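Trainee: Sequence and computational prediction follow.
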Number of protein chains: 2
Amino acid sequence: MPEEGRTQRRLAAIVAADVAGCSRLVSLDEEGTLAALRAHRVELIDPLLKKHGGRIANTAGDSLLLEFPSAVDAARCAIAVQEGMVARNDGIDPEKQIWFRVGIDVGDVVAEGEDMLGDGVNVAARLEGIAEPGGICASPK
Amino acid sequence: MPEEGRTQRRLAAIVAADVAGCSRLVSLDEEGTLAALRAHRVELIDPLLKKHGGRIANTAGDSLLLEFPSAVDAARCAIAVQEGMVARNDGIDPEKQIWFRVGIDVGDVVAEGEDMLGDGVNVAARLEGIAEPGGICASPK
């Protein structure tokens, strides 16, 4: 381990996710949207996080910030979530379908309690912003 | 943590180092070269590894494979080693100076006991091969 007194940095794969058009979905059906989001989280995302060794570092409204110790596991988890959402949106009114945009970056993070800071967090959030709904945008290695 | 039964991957900064022209140095002065290498290791490299949170994953002859949990710490340690070698080579016959070539990559590794496997290990070794003596070659982020 590094000597004490130094900033504790660690490499992490950082996954940022949010719901595309969340404000529109909430204005259309607030309770239904929030209930659906909770269900996606409990039935799809949380089990996949556990399976792939990830953890939730932070949440803010409809956005999730996830940390994985492995880049491969982060990518596998993100793909599984997006594939899972295809199945879960099947048969739902297209106006009410929930699609996540996902950004992935790898970089040093600095722990702030459960939360984390670092350039890679900002990059993941920016990549998420340019991902297609239902898609994943990852930084080139 | 990931579920059991899966390959345990982790992100790491991988540093590969070897001595430029080691065969020539050894043929010139075997005992002197090996004694100098041991001194560089004990007096310079090991303390810097401890300071920057790195560990020796493998050694083979004059080559070292190092692992760091942080990319920034890996780069800082590599720079400190190379700067330290400038000081330690000062006043030494240029024919007998020892210079490390260093390659750095970041990627998932799979633990094999103390040793580690992974694409990043191979990339770090290749980057080391094209580094200048006394220099560092790192993969672009």
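Mentor: Nice, thanks for sending it over.

Trainee: Distance check, residue A:9 against residue B:84.
Mentor: Residue A:9 sits 22 Å away from residue B:84, going by C-beta to C-beta, to the nearest Å. Every C-beta, even on glycine, is put in place using the N, C-alpha and C of the backbone.

Trainee: Looking at the two, which one has more neighbours?
Mentor: Taking other C-beta atoms under 10 Å in any protein chain shown, residue A:9 and residue B:84 do not tie; residue A:9 has more neighbours (22 against 17).

Trainee: Report the spatially closest residue to that one, excluding sequence-adjacent ones.
Mentor: Counting by C-beta to C-beta, 6 or more residues apart in numbering or on different chains, residue B:70 is the residue found nearest to residue A:9 once chain neighbours are left out, at 3.7 Å.

Trainee: any idea how far the one you found lies from residue B:15?
Mentor: For residue B:70, the distance to residue B:15 - C-beta to C-beta - is 12 Å.

Trainee: contacts for the worst-scoring helix or strand of chain A on mean pLDDT?
Mentor: The weakest-scoring helix or strand in chain A, judged by mean pLDDT, DSSP states H and E, is strand A:115-117 (a mean of 88). Contact with strand A:115-117 is made by A:12, A:14, A:57-58, A:65, A:67, A:109-110, as judged by C-beta atoms under 8 Å, 6 or more residues apart in numbering or on different chains.

Trainee: Which of the three states applies to the residue nearest the centre of chain A?
Mentor: Taking C-alpha atoms, centre = their mean, the centroid of chain A lies closest to residue A:17, which sits 3.3 Å from it. Classification of residue A:17 by DSSP: H, G, I helix; E, B strand; the rest coil places it in strand.

Trainee: For it, which residues are in contact?
Mentor: A:63-64, A:66, A:78, A:81, A:100-103, A:128 are the contacts of residue A:17 under C-beta under 8 Å, 6+ apart.

Trainee: Now rank the residues you listed by neighbours and give me the top one.
Mentor: Neighbour max across the contacts of residue A:17 (other C-beta under 10 Å) = residue A:102, 29 neighbours.

Trainee: Now do the helix of greatest length in chain A: distance to the chain's middle.
Mentor: Using DSSP state H, we find that the single longest helix of chain A is helix A:71-89. The chain centre lies 10 Å from the centre of helix A:71-89; the measure is C-alpha atoms, centre = their mean, to the nearest Å.

Trainee: contacting residues around that helix?
Mentor: Contacts of helix A:71-89 (C-beta under 8 Å, 6+ apart): A:13-15, A:17, A:40, A:44-45, A:48-49, A:51-54, A:66, A:68, A:97-100, A:102, A:104, A:106, A:134-136, A:138, B:2, B:9, B:11, B:107-108.

Trainee: Among these, which lie within strands?
Mentor: Among these, the members found in strands (DSSP state E) are A:13-15, A:17, A:66, A:68, A:100, A:102, A:104, A:106, A:136, A:138, B:9, B:11, B:107-108.
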